[in-house]
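In: Just need the structure, nothing else, for what follows:
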Amino acid sequence: MSDNADGPAAEQASEVRHRTANTLQLLATLARMRGQKAPDAEVRRQMIWMAEAIGAVGSLERRRAPEGIDFAGYIEEMAPVWRRRQAGLAVDVVVRLDPIMIRDQAASTLALILNELMANALTHGLQGEAARRITIELVQTGSRGRLSVTDCGPGLPADPQQPRERFGLWLARSLTTQVRGDLTLSPAAMGGLTAQLDFPL
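Out: Here you go, the predicted model:
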């Protein structure tokens, strides 16, 4: 269904979505700028993480429609952002996507989970120039969806209590319960790590 299908009401809804998305992007920019100027490294990291999370939800807002959200289109839109996120490094982000529409109330949560999985992959899953590849897959099987992020890094950290890992896994698992999904971490077939989220559509 297009934004013009219902005339003025649809146009007004589209305008609200764009204004919301623009507001979120502005907040993301402010958080990033504040983080870049923070003297403390941990505060800087947290502010930039917040900017990335807000930006992810802001990009999603532009794709809201009465029938749901084109989540494959959202991932395609975000892939170039993730490719540029590691300054000075060329990262190959490969996407393999089924055209899945996600219900409105679950899409924001899935976007935040994916943002966190990508942050972990970009931080811990790049090892050497030949292994700077991250693969995102979105697959529909019947009434269920599967979202996975696979990197070519060293795999699970040797120290599971490392603060960054502890927070990232806690956040992803906490959000997973909101979409009634199941998140698993396992060694990838060609080395590295696969984080896989199975969830109902």
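
In: Show me the helices in this structure, by range?
Out: Secondary structure of the chain by DSSP state H: the helices cover 8-37, 41-61, 71-84, 104-124, 163-178.

In: what residues are up against Glu77?
Out: Ser59, Arg63 (CB atoms under 8 Å, 6 or more residues apart in numbering). Glycine gets a C-beta too; all of them are placed from N, C-alpha and C.

In: Pull up the per-residue confidence for it.
Out: pLDDT for Glu77: 94.

In: ok, now the one 4 residues further on?
Out: The per-residue pLDDT reported for Val81 equals 91.

In: Could I get the contacting residues of Thr184?
Out: Thr184 makes contact with Ala195, Gln196, Asp198 under the criterion CB under 8 Å, 6+ apart.

In: redo that, cut-off 10 Å
Out: Thr184 makes contacts with Ser148, Thr176, Thr194, Ala195, Gln196, Leu197, Asp198, as judged by CB atoms under 10 Å, 6 or more residues apart in numbering.

In: Sort out which of those residues are in strands and list them.
Out: Using DSSP state E, Ser148, Thr194, Ala195, Gln196, Leu197, Asp198 are the members of the contacts of Thr184 that sit in strands.

In: Pull up the gap between the residue lying closest to the fifth one once chain neighbours are set aside and Pro80, please.
Out: When you say that, I think you mean Leu197. Excluding the flanking residues, the one nearest Leu197 by CB to CB, 6 or more residues apart in numbering is Leu147, at 4.6 Å. Separation of Leu147 from Pro80 (CB to CB, to the nearest Å) stands at 19 Å.

In: pLDDT score for the nearest residue to Pro154 once chain neighbours are set aside?
Out: Spatial nearest neighbour of Pro154, excluding adjacent residues (CB to CB, 6+ apart): Gln127 at 5.8 Å. Gln127 carries a pLDDT value of 71.

In: cool, Ser2 as well?
Out: As predicted, Ser2 sits at a pLDDT of 45.

In: Likewise for Arg166?
Out: Looking at Arg166, its pLDDT reads 62.

In: circling back: ok, and the most crowded of the contacts of Thr184?
Out: When neighbours are taken as other CB atoms under 10 Å, the top entry among the contacts of Thr184 is Ala195 (25 neighbours).
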